[in-house]
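**Student:** The amino acid sequence is not available; the structure is as follows:
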């Protein structure tokens with residue numbers, strides 16, 4: 001089966017645990033996820049099966065929407081509630097207005113220092129492995145973008161609690177954001193819970209739980225939970241070519257962009273869906289300039305495109 005699964009990951013299992021479970025349910029070896037969720041986090045985990053594993057990079061670029069809760073006045077070594085407490089202070093003076101005033105400073109393009117408890121590499125080793133060994137190494141700040149940051153609720157007290165909705169770019173560490181907001185308030189803090197509400201067009205309200213998926217599989221209907229590759233990429237612009245040009249592109253031949261419907265609306269070097277006149281998804285490519293002419297260059301050709309077979313149909 002080729003397609004994309006919108007899975008509602010429960011809190012507890014790792015993203016790798018979920019991929020292993022999906023492999024078993026679908027009897028499919030080619031399975032991968034489009035963006036890790038920490039074990040404590042729940043919500044949308046986009047999983048690609050079969051041919052769809054080739055579009056993971058495009059899905060990972062999608063905007064993410066999270067709902068996160070933070071506790072101020074308590075700092076941990078992992079920046080979330082799973083870590084050991086490293087500092088504690090009374091923060092009764094923190095008000096809702098103070099939190100709201102701090103948020104604009106974390107909106108737009110900001111720099112984040114990745115946490116030690118992360119999967120990034122340092123000299124060939126994962127940071128979380130170094131952290132478990134008691135090592136702390138210097139990490140370079142990375143630019144991420146926070147498109148919107150909204151306070152949903154606030155509860156005052158010795159250790160105030162706040163809940164935020166955050167729309168952000170890939171690579172954003174929400175627990176680091178919570179800790180940094182705490183630092184801006186002068187009291188520190190950590191993330192106490194996290195739910196991913198959406199990845200691009202995949203929303204939590206449409207997600208399938210692992211148990212529901214098991215129930216579908218018991219009836220032989222697990223495939224109904226999958227979104228087609230084409231539909232998963234609907235946010236990506238498309239262009240349409242004649243059937244004969246579709247076959248040329250499917251075999252790696254560049255064609256003049258002027259022969260494609262919609263090519264004039266496709267920014268150069270931007271990934272686009274290439275579709276045939278019969279609305280078949282051929283692959284993903286780009287409009288590029290070559291010898292003073294704009295041409296369509298295929299980057300990924302999906303299985304079956306060379307034979308004019310619809311995605312999901314048998315070629316026999």
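**Tutor:** Perfect, thanks for sending it. All figures in this text were calculated on a predicted structure; none of them were measured in a lab. Numbering: from 1, shown residues only.
**Student:** quick one: buried residues of stretch 140-157?
**Tutor:** 144, 146, 149, 154 (16 or more other CB atoms under 10 Å). C-betas here are computed from N, CA, C, even on glycine.
**Student:** actually stretch 24-40, not the one I typed
**Tutor:** Quick answer for stretch 24-40 (16+ other CB under 10 Å): 25-26, 31, 33-35, 37-40.
**Student:** where does this structure dip in pLDDT?
**Tutor:** In the predicted model, the chain carries pLDDT under 70 at residues 116-139, 304-316.
**Student:** Mind naming the longest strand for it?
**Tutor:** Across the chain, the longest stretch assigned as strand under DSSP state E is strand 142-155.
**Student:** For stretch 154-161, what is the distance to the chain centroid?
**Tutor:** Computed by CA atoms, centre = their mean, to the nearest Å, the chain-centroid distance of stretch 154-161 equals 31 Å.
**Student:** Distance check, residue 253 against residue 297.
**Tutor:** 10 Å (CB to CB, to the nearest Å).
**Student:** make that residue 173, sorry
**Tutor:** Distance, residue 173 to residue 297, using CB to CB: 35 Å.
**Student:** In terms of neighbours, single out the busier of the two.
**Tutor:** Between residue 173 and residue 297, counted using other CB atoms under 10 Å, the more crowded position is residue 173 (23 against 19).
**Student:** ok, that one - contacts?
**Tutor:** By CB atoms under 8 Å, 6 or more residues apart in numbering, residue 173 lies in contact with 79, 112, 114-115, 118, 144.
**Student:** TSV for the buried residues of stretch 140-157, including distance to residue 286?
**Tutor:** Converted to TSV, those look like this (distance: CB to CB, whole Å):
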residue	distance to residue 286
144	25
146	28
149	33
154	46
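**Student:** follow-up on the earlier one: can you tell me which of the buried residues of stretch 24-40 comes closest to residue 9?
**Tutor:** Closest to residue 9 out of the buried residues of stretch 24-40 is residue 37 (5.5 Å), distances taken as CB to CB.
**Student:** SS state for that closest one?
**Tutor:** Three-state call for residue 37 (DSSP: H, G, I helix; E, B strand; the rest coil): coil.
**Student:** The one 10 residues further on too?
**Tutor:** The three-state label given to residue 47 by three-state DSSP is strand.
**Student:** number of nearby residues for it?
**Tutor:** For residue 47, using other CB under 10 Å, the count is 26.
**Student:** Now do the helices in the stretch 151-300 of the chain.
**Tutor:** 174-184, 210-218, 229-232, 243-250 (DSSP state H, counting those that start in this stretch).
**Student:** Now for the spatially closest residue to residue 258 that is not a sequence neighbour, how many residues are close by?
**Tutor:** What sits nearest to residue 258 in space, not counting adjacent residues and going by CB to CB, 6 or more residues apart in numbering, is residue 294, at 7.5 Å. Using other CB under 10 Å, residue 294 is surrounded by 17 other residues.
**Student:** Let me know whether residue 294 touches residue 259 as I believe.
**Tutor:** No - the criterion here is CB atoms under 8 Å, and residue 294 misses it with residue 259 at 10.6 Å.
**Student:** Restricted to buried residues, select the contacts of residue 173 in PyMOL.
**Tutor:** Buried residues among these (16+ other CB under 10 Å), as a PyMOL selection:
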select buried, resi 79+112+114+115+118+144
